[in-house]
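Peer 1: Whatever this is, show me its structure:
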Amino acid sequence: QVQLVESGGGLVQAGGSLTLSCAASGRTISSSTMAWFRQAPGKEREFVAAINWRGDRTNYANSVKGRFTISRDNAKNTVYLQMNSLKPEDTAVYYCARGSMGWSIQPGDFGSWGQGTQVTVSS
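Peer 2: Down below sits the predicted model:
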């Protein structure tokens, strides 16, 4: 069983940047697709970004494309989300997730989730 712990969230002004980290323990994530999802108050959880096991394939939600970058360091068993040009609508709890099967961006295909980290962007 893998445990995922997110960190790096916080309060930032619009236009600012944050880098989220997701540290895995219990087993390696080096062969897994990893992704970030987010959930704003009163809204459903939504896909943000995904990266394949080698780090050479990524996918982003249209709303964050060009502003967010997902990356991974398999040696450190860690995944990152660099967030630039943040907007108030990016305010949400951000979750890291480990894929249970090959390449996917569907929440149902991710079997392990972290507890989430709050990101708040003020206008």
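Peer 1: Any idea how many residues pack against the residue nearest to N84 when sequence neighbours are not counted?
Peer 2: The shortest distance from N84 to any non-neighbouring residue, by CB to CB, 6 or more residues apart in numbering, is to S17 (4.8 Å). Placement of C-beta: from N, CA and C, glycine included. The number of residues packed around S17, counting by other CB atoms under 10 Å, is 11.
Peer 1: Quick check: pLDDT value at S17.
Peer 2: Model confidence at S17, expressed as pLDDT, equals 98.
Peer 1: Could you number the chain from 45 rather than 1 from now on?
Peer 2: Sounds good: first residue 45 from here, last item S61.
Peer 1: Got phi/psi on E133?
Peer 2: Phi and psi for E133, reported as degrees, to the nearest 10, are phi -70, psi -10.
Peer 1: Kindly apply the preceding question to L64 instead.
Peer 2: Main-chain torsions, L64, degrees, to the nearest 10: phi -90, psi 150.
Peer 1: burial of it, as a residue count?
Peer 2: 25.
Peer 1: which residues sit against the lowest-mean-pLDDT helix or strand in the chain?
Peer 2: Across the helices and strands of the chain, mean pLDDT, DSSP states H and E gives its lowest value to strand 154-157, namely a mean of 94. By CB atoms under 8 Å, 6 or more residues apart in numbering, the residues outside strand 154-157 that reach it are 45-48, 79, 81, 139-144, 148.
Peer 1: now it, how far from the chain's geometric center?
Peer 2: Distance of strand 154-157 from its chain centroid, counting by CA atoms, centre = their mean, to the nearest Å, is 12 Å.
Peer 1: One more: stretch 115-126?
Peer 2: Stretch 115-126 sits 10 Å away from the centroid of its parent chain (CA atoms, centre = their mean).
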